[in-house]
Every structure is written in C-alpha cells, then in structure tokens.
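*Asks:* my questions concern the predicted model and sequence given below.
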Amino acid sequence: MDQDIDQIANEISACLQSGAPIWYQNLAEGLSPLHAAAFIQNEALVKLLLDKGALWNAVDYLKNTAGDVALSFNNGAIYRVIRDAGIRSGASRISLSSNFHIANSEISVDKHGQNICLVEVEGEDVGVMMGWEEGIMLKTVRKLCERHPKSSRLKVLNVGFGLGIIDNFFQGLDEPPIEHVIIEAHPNVLEFMKKTGWYEKPRVKILQGRWQEFIRNPNDLSIHGFDIVFTDTFSERYTDLRQFFECIPNLLADEDSRFSFFNGLGATDSLFYDVYTQISELHLSSLGLYVEWSDVDVSFDEEGGRWGRSREYFSLPIYRLPIARMKRSTLEC
Ligand SMILES: C[S@@+](CC[C@H](N)C(=O)[O-])C[C@H]1O[C@@H](n2cnc3c(N)ncnc32)[C@H](O)[C@@H]1O
C-alpha cells in the first residue's frame, strides 16, 4: 500500500511539474483529485494533495466538498485532515459566506405566517431573518441570561434588529434589562421599529447607523459595560464579524458578562460550517475569550416550507450556539 502511495505520489508530482493544474475539476461532475482521493478513502493521498495545494473547499456540481465525501463514508480521519486544512488556510481567505452588503430590504409575512426579512441580492430574494429562527433566538437568550449573576439588572447590547425576535425575548425576561441598547442600520428596519413601538419602550436606546460608526475600534470606550452582547448582522462578511470580536473585551462589563453571535456563516455545508465554527473559536480565544457551544436542532419540520421565496442560507440540521466569556487570566493581566 505504501508502495502504491509512493508511486502515486511520484506520478502526481511529475504531473504537477509538467504543468497539470491541481485545481482541475472534471467537466462531467465537477470532481477534483481531492474528491477522488476522499472517495477511495486514501488518507495519505488526501494529505499529499493538500500539501501540493489542492483546494480544500472545492465543490462539485452537487455542491459537495471532498469533506462531504469523507463524511458520507463516515471517515472522520479524512474529514478532519480536510477540515484542518481549511482552518489553516485562515478565515480571511474563505469566500463562502454571505458577502453582500445591506441591499433593498423588505419585512413581510409569508404564506406560512412567518415574519420574514428579505433583501434583494443579484435579482434574488434572500431571507436574512425568518420566523423559523425563533428557536435559535430563544435558546440564545436563555443561554445568555439564565443564572446570570446580574439577572435583576442586566445591561444588554444587541447589534442588528431584523424582525426584533431576540429583542422581544430580552424584553420578555422575568426581569427585563435595565438598559437595552440596539444598533440598527437599515432605514426600512428602523421604520418597522418605529411602527412597532420600539422607540417608546422604557430603558430601550436605539442607535441608528452601522455598528462601525458607534464602536470605532477595539479601544473605543464610548459604549461599554454590557453584561450581555449579541450580534447578528448577517449581510456582513466574516472579516466584519472578526472586527466586531476584537471590540468584545471592551464592550463586556466583567468576567460574568456573556457574548454570543449568530453562527450562520458557511451553514449550507457541514465542512464549511465546521471550519467557520472552529476559526471563530480560535479568534475569540486569541482575544482572551473562551467559548461554550450548544447544539440547537433546526431540522425541517415540514416539506421544506420554511424558506418561502428565499434562498437557503442555513441548510444544516444543527445550529451551533456560541456563548463566550472572558478568561479569568486575561482579566487579571
Ligand atoms: C438577520 S437580521 C437580525 C435578526 C435579529 N437577530 C432578530 O432576532 O430578529 C440582521 C440585521 O442587521 C442589520 N445590520 C446589518 N449590518 C449592520 C451594521 N453594520 N450595523 C448595524 N446593523 C446592521 C440589518 O439591517 C438587519 O436588520
């Protein structure tokens, strides 16, 4: 077997040296050499191809990566080799996510009675917040607030109002926040907030604009001291989320404070989702935060009806919910 691999390795090296492109994907199915190596379940070959520069995130015409092929065989070892290549490649170079900016947005009720917030991207309506996400938002609020040492006097910051699902859950707590700051940029969403009475709510402060205008850099202390911080801006890229991460140590009040974000990047593919999840944890850790993850079941409960006229942006059955806190050693430094 080792001999076979040595021989294959030599042949592949010779092919590459003579100009064969390692990124080649066949015309019939869009399969790359990495897909093929995962298909024959040859870990050494997978490693070799990745070493030679094979794209860990190439997708075939069915949108499957080599990691998906490995998973379909339940081959955890090969899956991890491919995933780790993705993590090493660094989040800033991953281009799988929603990378559009706030476009025309519309808030409406779909035929299933769900509230949906749609934006138009390249002529297609994309749901950026839909009623089915209530379960995620409810569990997030529970994880953020339950047994919080300051539960009777919470100061909450939420970035991105959308349909206001999470903000309604914060307001519905037995002991609502003593300060509830919401940053929202989109004029249509701000209009919706006006119509639904958010500007009149006691102890709620609405900051109109992009979060980047209010939280200018990681050392900016103009808004700070929150017990709970949540962000869900969806239309932004991972680089924006990472920039927001950098501001978290200054936004949080103390070691009891908790931070969460909508963990939806790459959520149309288990490999991409896994890579984003791991990279987020690594980046938060480098800033002195540790993350606890819990799983939320978001599998289909009806014939795919939850998407309405939007594009699927979260097609996995499990949402991985992050709760981050400052590590004590960081606070003592
Ligand atoms: C997915 S929705 C948030 C949904 C919300 N979590 C809920 O429970 O309904 C995203 C929101 O973030 C807003 N947004 C996007 N980028 C933003 C930015 N840079 N600053 C502030 N708000 C932003 C959008 O206008 C949109 O209202």
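*Replies:* Looks like it arrived, so ask away.

*Asks:* any stretches of the stretch 201-333 of the chain with poor pLDDT?
*Replies:* 221, 235, 300-312, 329-333 (pLDDT under 70).

*Asks:* what parts of it come near the ligand?
*Replies:* The stretch 201-333 of the chain comes close to the ligand at residues 210-212, 232-236, as judged by CB under 6 Å from any ligand atom. C-beta: built from backbone N, CA, C; applies to glycine.

*Asks:* are any of those residues buried, and which?
*Replies:* 210-211, 232-236 (16 or more other CB atoms under 10 Å).

*Asks:* ok so, going back, could I get the residues of the stretch 201-333 of the chain next to the ligand as a markdown table with secondary structure and distance to L282?
*Replies:* Listed next are these as a markdown table, based on DSSP: H, G, I helix; E, B strand; the rest coil; distance: CB to CB, whole Å:
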| residue | secondary structure | distance to L282 |
| --- | --- | --- |
| R210 | coil | 26 |
| W211 | helix | 22 |
| Q212 | helix | 23 |
| D232 | coil | 21 |
| T233 | coil | 21 |
| F234 | coil | 22 |
| S235 | coil | 24 |
| E236 | coil | 19 |
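
*Asks:* can I get those residues in CSV with distance to A103?
*Replies:* Listed next are those as CSV, based on distance: CB to CB, whole Å:
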residue, distance to A103
R210, 14
W211, 18
Q212, 18
D232, 17
T233, 13
F234, 12
S235, 8
E236, 13
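
*Asks:* ok, so of the residues you listed, who is nearest V181?
*Replies:* Set against V181, the nearest of these by CB to CB is W211 (10.7 Å).

*Asks:* any idea where the strands of the protein begin and end?
*Replies:* For the chain, the strands defined by DSSP state E cover 105-109, 115-121, 124-130, 155-159, 179-184, 204-208, 228-231, 258-261, 289-297, 318-326.

*Asks:* mean confidence for the fifth one?
*Replies:* Across strand 179-184, the average pLDDT comes to 96.

*Asks:* just the residues of the stretch 201-333 of the chain next to the ligand now: which is nearest F73?
*Replies:* For those, the nearest to F73 is F234 (33.3 Å; CB to CB).

*Asks:* could you give the number of residues near the spatially closest residue to R242 that is not a sequence neighbour?
*Replies:* Nearest residue to R242, sequence neighbours excluded (CB to CB, 6 or more residues apart in numbering): H283, at 5.7 Å. Neighbourhood size, H283 [other CB atoms under 10 Å]: 16.

*Asks:* burial count for the closest residue to M326 other than its chain neighbours?
*Replies:* Spatial nearest neighbour of M326, excluding adjacent residues (CB to CB, 6+ apart): E255 at 5.4 Å. E255 is flanked by 13 other residues according to other CB under 10 Å.

*Asks:* got phi/psi on E255?
*Replies:* Torsion angles at E255 (phi, psi; degrees, to the nearest 10) stand at phi -70, psi -10.

*Asks:* what does the stretch 51-200 of the chain put close to the ligand?
*Replies:* Residues of the stretch 51-200 of the chain lying near the ligand (CB under 6 Å from any ligand atom): 102, 128-129, 137, 159-166, 183-186, 189.

*Asks:* possible to save the buried ones among the residues of the stretch 201-333 of the chain next to the ligand as JSON lines with distance to S32?
*Replies:* Shown next, in JSON lines, are these (distance: CB to CB, whole Å):
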{"residue": "R210", "distance to S32": "39"}
{"residue": "W211", "distance to S32": "38"}
{"residue": "D232", "distance to S32": "34"}
{"residue": "T233", "distance to S32": "33"}
{"residue": "F234", "distance to S32": "30"}
{"residue": "S235", "distance to S32": "30"}
{"residue": "E236", "distance to S32": "30"}
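
*Asks:* what about the helices in the protein?
*Replies:* Taking DSSP state H to define them, one finds helices in the chain at 2-17, 33-39, 43-51, 66-72, 76-89, 134-145, 165-171, 187-195, 211-214, 238-251, 270-286, 328-332.
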